[in-house]
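[1] Kindly generate the corresponding structure for this input.
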Amino acid sequence: MTMSSVGSTQKMKLDIVSVIDEAKIKLQTLSQEIWSCPELAYQEKQSHDALVHFFSNESGWAVESNFILATAFRATWGPFGGKGKEDDKTVNVGFLCEYDALPGIGHACGHNLIAEVGAAASLGLKGVIEGEPNCPVRVKITVLGTPAEEDGGGKVDLILAGAFKDMDVVFMAHPAQEDASFSPCIAITDCTVKYHGKASHAAAYPWEGINALDAAVLAYNNLAVLRQQLKPEWRLHGIIKHGGEKPNIIPNYTELEFYLRTPMFKDLSELKAKAEACFKSAALATGCQVEITYPNHAYSNILRNTTLENLYKENGKALGMEFKEVPNHFAGSTDFGNVSFVVPGIHPFFYIGSQALNHTAQYTEAAGAEKAQTYTLRTAKALAMTAVDVLFGADTLQNVKDEFARAKLKQE
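    Residues are numbered from 1 along each chain as shown. Presented below is the predicted three-dimensional model:
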């Protein structure tokens, strides 16, 4: 597809920079509003309201508050452009906003900046598309507000409800310590284990009791021993959340919480089976009853799309980003992984002007600092510029989709 009728893609990319720069004050205000009121998963009411208000005050957007979930939203623009034929296919470009915080330390993962990136990139793309009256592609832009990434998996809820079914490609970016077009986030599921025993006086007649704490300790040690036989990239870690009431009472109830992680989603079932054997054997040895539940959605690993990655790197470098080699493995997880198995997409990481580590009080401070703004908006520009490449590059969207299909087959 040529761009001779609407100007070069390079001009569109320069215009994206201008559009986002013109909106930088209101974008920073939005980010600060979210950062100043940290809210936990599925409770992000004020952040939801701030984003709904933001898009409602931008011309041309159709905004749906409380979309599927109480704190999710959808803002859509278009379709716009095309050749005026009935069979013109609409290309739906998605941008995702996260905005949940962490307990106790607020936006220590910088989700206020993720929301800002999604809002800025969508404004930038919209600005250049609507400025091209002869745009040869029929374009729609969808912004999804996706709550509960830190706990619960709001994107999985939205996937199950069909929120991604008509998207062609999806973009988001996550704050980190450096710019990276890809980092291999891994699959995860969380497991809650409850042991039920029988209380008794621990000194007078302990033989009458069934010790649920013994079961919890055995289970914990079983898993510790299991690690020797796990693959190097597999992770299994947890805590004893409840261990009893008093030393002179045989505990009749204990509870553990564990996270199980593997580089590929298909391997989670094998790790779950091994862990469950450890939990059940502890119950058998102590005479306790055991309950094993998986209270939240499992997160998939991110399905890599190098076509999108390479485009993003080119655009990022043009804006001054410096990219290091992609690491061999990374122990973090995200529900964007589930999205990446439904729609081809990209989830790069970006520098925010600090070497503080995510999930620390220092990162909370960095995510709210003025210094982070330049890097955050630079990332939004790179995402919107990559969307332009996908929309108007010859066969680029098809190449993205073809790689997506091949990558899914390799994961089966």
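
[2] just checking, what packs against the helix of greatest length in the chain?
    Determined from DSSP state H, the single longest helix within the chain is helix 371-392. Counting contacts by 3 or more C-beta pairs under 8 Å, 6 or more residues apart in numbering; DSSP states H and E, helix 371-392 packs against helix 9-22, helix 24-35, strand 90-97, helix 111-129, strand 169-171, helix 306-318, strand 349-351, helix 396-411. Quick note: C-beta positions are derived from backbone N, CA and C, even for glycine.

[3] Follow the chain on from the longest one and name the next helix or strand.
    To tie it back to what came earlier, the one meant is helix 111-129. Helices and strands here follow DSSP states H and E; after helix 111-129, the next one along the chain is strand 138-145.

[4] Can you tell me what sits against the helix or strand that that following strand is followed by?
    Using DSSP H and E, the next helix or strand after strand 138-145 towards the C-terminus is helix 154-160. Contact partners of helix 154-160, identified using C-beta atoms under 8 Å, 6 or more residues apart in numbering, comprise 41-42, 68-69, 71-72, 96, 100, 144, 146-149, 164, 297, 299, 335-336, 338-339, 342.

[5] and the residue nearest to residue 178 when sequence neighbours are not counted, bridged to which residues?
    Nearest residue to residue 178 in three dimensions, chain neighbours excluded: residue 351, at 5.1 Å (C-beta to C-beta, 6 or more residues apart in numbering). For residue 351, the beta-bridge partners are residue 176 (DSSP bridges).

[6] tell me the contacts of residue 351?
    176-179, 321, 375.

[7] Quick one: buried ones out of these?
    For those, a burial check counting by 16 or more other C-beta atoms under 10 Å picks out 176-177, 179, 321, 375.

[8] Greatest separation within those residues: which pair is it?
    The span of the buried ones among the contacts of residue 351, defined through C-beta to C-beta, is set by 177 and 321 at 13.4 Å.

[9] mind listing what residue 309 touches?
    For residue 309, the contacting residues are 181-182, 346, 348, by C-beta under 8 Å, 6+ apart.

[10] before we move on, what about residue 125?
    Neighbouring residues of residue 125 by C-beta under 8 Å, 6+ apart: 16, 93, 141, 384, 387-388.

[11] Name the nearest of these relative to residue 405.
    Looking across those and measuring by C-beta to C-beta, the closest to residue 405 is residue 93, at 19.0 Å.

[12] So that closest one is in contact with residue 141, correct?
    Yes. Contact criterion C-beta atoms under 8 Å: residue 93 and residue 141 qualify, at 5.4 Å.

[13] who has more neighbours, those two?
    Here residue 93 and residue 141 are compared on neighbour count by other C-beta atoms under 10 Å; more neighbours surround residue 93, at 29 against 26.

[14] State the distance from the more buried one to residue 185.
    Separation of residue 93 from residue 185 (C-beta to C-beta, to the nearest Å): 22 Å.

[15] cool, and residue 91?
    For residue 91 relative to residue 185 (C-beta to C-beta), the value is 26 Å.

[16] where do the strands sit along the stretch 201-350 of the chain?
    Ranges of strands in the stretch 201-350 of the chain, per DSSP state E, counting those that start in this stretch, are 235-242, 253-262, 289-293, 345-346, 349-351.

[17] TSV for those strands, including mean pLDDT and distance to residue 305?
    Converted to TSV, these look like this (pLDDT from 0 to 100; distance: least, C-beta to C-beta, whole Å):
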stretch	mean pLDDT	distance to residue 305
strand 235-242	97	24
strand 253-262	97	21
strand 289-293	98	34
strand 345-346	98	6
strand 349-351	98	15
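
[18] that older thread, between residue 91 and residue 185, which is the more surrounded one?
    Taking other C-beta under 10 Å, residue 91 and residue 185 do not tie; residue 185 has more neighbours (25 against 22).

[19] Can you name the residues that contact the more buried one?
    Applying C-beta under 8 Å, 6+ apart, the residues contacting residue 185 are 301-302, 330, 332-334, 336-337, 347.

[20] same thing with residue 93?
    Contacts for residue 93 (C-beta under 8 Å, 6+ apart) come out as 125, 139-142, 167-171, 387, 390-391.

[21] cool, and residue 332?
    If a contact means C-beta under 8 Å, 6+ apart, then residue 332 has 183, 185-186 as its contacts.
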